[in-house]
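Engineer: no FASTA, just this:
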């Protein structure tokens, strides 16, 4: 059997489900991954009108954590964002919260994520609108990731920021190699995030870990406020920002790891590559691998990529002004990018045509989904419940 994420779930999820109290959105994610492009989701039978070729084509699950479904959705998003991208250099900034807040994040995923987006983008916008630094409104595209290369829990925010901005109808370009002074960005971000956490706590919007009292949470926030080691990375400029955009798109859908990084599954263990420049292998028991993968399933309707400033949908006139100044044509509707066009861009092979005569395949029969009864016990359906992710 081919080594894929789907293979791993088919081998190990049933036992994992029996031994862990999982929220319903996690269960749904796992079952969608296992049933993708199988008879469970139905499909259709296609054939050449001249009888040269016939095939069964099963439906995709279209779940954002499924690697099999990622390509088309990611390419559509990427094409749309590339069209919006301003013709200027961009900076890449990464904001990471303290690992001492991880337990709080697991219990308050939506609140903690929203505060991270808010704190990071406000930090960038306010500092760059200050005449001491740039004195202009910039464009920001921010993407939330919750994993490390080893699939550990590691919430952080990637921000693509224009190396320049709009002020009084004029484009002001950044002349610096790095966007802002590191110490200032770190201090402002830390202060904002902890301030918003304290506010959320006082309003009763935070669920605290078992055994933690509100005063203990305040003490933790105060302690973290005195620490300098808040991880903020300010990287050098990138021409036009497309490289960073492609990086963000890679993790927009399809989960925290692609099947390409899976080396082998044997003896109840999964071995995968966590290296960047060179191969570095990690081996985990299959149950632990599944747990690490599932801990990154976002809650339903969570927006993982958000736009701010000049890239926000409410500032279309300002964006149009910037495009004119930078010599770009007006932004046009890209239309719907269908999978046939995408396939033509990456391959000469046309899956909707007969490989013998080239005629378009016709549908002979619709395949009804095969509904399989779940035999696993059902646990807590609360979508915000925390659970043991790594075991």
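Structural biologist: Arrived safely, thanks for sending. Nothing here was measured: the structure is a model prediction, and the numbers come from that model.
Engineer: next, the contact list for residue 113, please.
Structural biologist: Neighbouring residues of residue 113 by Cβ atoms under 8 Å, 6 or more residues apart in numbering: 105, 144, 155, 302. Quick note: C-beta positions are derived from backbone N, CA and C, even for glycine.
Engineer: what's across from the second one in the sheet?
Structural biologist: When you say that, I think you mean residue 144. Under DSSP bridges, the beta-bridge partners of residue 144 are residue 157.
Engineer: pull the contacting residues for it.
Structural biologist: The contact partners of residue 144, by Cβ under 8 Å, 6+ apart, come to 113, 116, 117, 155, 156, 157, 304, 305.
Engineer: state the mean pLDDT of the helix or strand encompassing the second one.
Structural biologist: Think residue 116. If you go by DSSP states H and E, residue 116 is part of helix 109-129. Helix 109-129 shows a mean pLDDT of 97.
Engineer: which of the contacts of residue 113 count as buried?
Structural biologist: Neighbour counting over the contacts of residue 113 (16 or more other Cβ atoms under 10 Å) leaves 105, 144, 155 as the buried ones.
Engineer: tell me the one of these nearest residue 255?
Structural biologist: residue 144 (14.0 Å; Cβ to Cβ).
Engineer: ok, so of the buried ones among the contacts of residue 113, who is nearest residue 92?
Structural biologist: Residue 92 has its nearest neighbour among those in residue 144, at 14.9 Å by Cβ to Cβ.
Engineer: what about that closest one, distance to residue 171?
Structural biologist: Distance, residue 144 to residue 171, by Cβ to Cβ, to the nearest Å: 29 Å.
Engineer: and if you look at residue 5?
Structural biologist: 44 Å.
Engineer: who has more neighbours, the two?
Structural biologist: Between residue 5 and residue 171, residue 5 has the larger neighbour count (other Cβ atoms under 10 Å), namely 26 against 17.
Engineer: the more buried one contacts residue 257, doesn't it?
Structural biologist: Yes. If you go by Cβ atoms under 8 Å, residue 5 and residue 257 touch, sitting 7.2 Å apart.
Engineer: what touches both of the two?
Structural biologist: residue 293.
Engineer: out of the contacts of residue 113, which are inside helices?
Structural biologist: Among those, DSSP state H puts residue 105 in helices.
Engineer: and for residue 339, the neighbour number?
Structural biologist: 14.
Engineer: so who does it touch?
Structural biologist: Residues near residue 339 by Cβ under 8 Å, 6+ apart: residue 72.
Engineer: mind listing the strands for the stretch 51-200 of the chain?
Structural biologist: Secondary structure of the stretch 51-200 of the chain by DSSP state E, counting those that start in this stretch: the strands cover 54-58, 90-96, 139-147, 153-162, 164-167, 170-173.
Engineer: of those strands, which shows the lowest average pLDDT?
Structural biologist: Of all the strands of the stretch 51-200 of the chain, the minimum mean pLDDT falls on strand 54-58 (a mean of 91).
Engineer: and that one, which strands flank it?
Structural biologist: Sheet pairing of strand 54-58 (DSSP bridges) gives strand 43-47 (antiparallel).
Engineer: report the buried residues of the partner strand.
Structural biologist: Buried residues in strand 43-47 (16+ other Cβ under 10 Å): 43, 46, 47.
Engineer: just stretch 121-134 next, same as before
Structural biologist: 121, 122, 123, 124, 125, 127, 128, 129, 133, 134.
Engineer: okay, those in JSON lines with distance to residue 94 next?
Structural biologist: Formatted as JSON lines, these follow (distance: Cβ to Cβ, whole Å):
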{"residue": "121", "distance to residue 94": "13"}
{"residue": "122", "distance to residue 94": "16"}
{"residue": "123", "distance to residue 94": "12"}
{"residue": "124", "distance to residue 94": "12"}
{"residue": "125", "distance to residue 94": "17"}
{"residue": "127", "distance to residue 94": "16"}
{"residue": "128", "distance to residue 94": "17"}
{"residue": "129", "distance to residue 94": "21"}
{"residue": "133", "distance to residue 94": "19"}
{"residue": "134", "distance to residue 94": "19"}
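Engineer: where exactly do the helices run in the chain?
Structural biologist: All helices of the chain, identified by DSSP H, fall at 5-19, 24-35, 70-84, 102-107, 109-129, 182-202, 214-225, 242-250, 286-294, 316-325, 339-346.
Engineer: got the angle between the third one and helix 316-325?
Structural biologist: Our comparison of helix 70-84 with helix 316-325, counting by axes from the mean of the first three to the mean of the last three Cα atoms, to 10 degrees, yields an angle of 70 degrees.
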